[in-house]
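Novice: here are the coordinates; sequence isn't available:
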């Protein structure tokens, strides 16, 4: 469950190959924004976005694991 949840947050290839984040920013996800920042040479912004995504995924993963452990302890 945790791995599937985190993989869902990291979707990049499908969005980039099919729509390239367009039309406009309709299908843009955080990973395409990170990719565009790095490709434009804005490494500081790309690194900051990557760090924010890492922290968010760590926090979400931590709470999901705690929730699952709590439910397992009940059974």
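Specialist: Received the coordinates, thanks. Just so it is clear, the model here is predicted, and its values are computed rather than measured.
Novice: distance between the helix or strand bottoming out on mean pLDDT in the chain and the chain's centre?
Specialist: When the helices and strands of the chain are scored by mean pLDDT, DSSP states H and E, helix 2-9 comes last with a mean of 78. Offset of helix 2-9 from its chain centre (C-alpha atoms, centre = their mean, to the nearest Å): 8 Å.
Novice: list the residues that contact the nearest residue to residue 11 once chain neighbours are set aside.
Specialist: Nearest non-adjacent residue to residue 11, counting by C-beta to C-beta, 6 or more residues apart in numbering: residue 29, 6.1 Å away. C-beta here means a position set from N, CA and C on the backbone, and glycine is covered the same way. By C-beta atoms under 8 Å, 6 or more residues apart in numbering, residue 29 lies in contact with 11-12, 15, 21.
Novice: against residue 71, how distant is residue 29?
Specialist: 29 Å (C-beta to C-beta, to the nearest Å).
Novice: how about residue 57?
Specialist: From residue 57 across to residue 71, the span is 21 Å (C-beta to C-beta).
Novice: who has more neighbours, the two?
Specialist: Using other C-beta atoms under 10 Å, the more surrounded residue of residue 57 and residue 71 is residue 57, with 15 against 9.
Novice: pretty sure that one is touching residue 3, no?
Specialist: No. In this structure, residue 57 is not within contact of residue 3 by C-beta atoms under 8 Å, at 11.1 Å.
Novice: what helices and strands are in contact with the helix or strand containing residue 67?
Specialist: Per DSSP states H and E: residue 67 is located in helix 43-74. Using 3 or more C-beta pairs under 8 Å, 6 or more residues apart in numbering; DSSP states H and E, the elements in contact with helix 43-74 are helix 2-9, helix 30-39.
Novice: most tightly surrounded among those helices?
Specialist: helix 30-39 (a mean of 16; mean count of other C-beta atoms under 10 Å).
Novice: tell me the contacts of residue 28?
Specialist: Residue 28 makes contact with 15, 21-22 under the criterion C-beta under 8 Å, 6+ apart.
Novice: mind doing that once more with 7 Å?
Specialist: For residue 28, the contacting residues are residue 21, by C-beta atoms under 7 Å, 6 or more residues apart in numbering.
Novice: sweet, I'm off.
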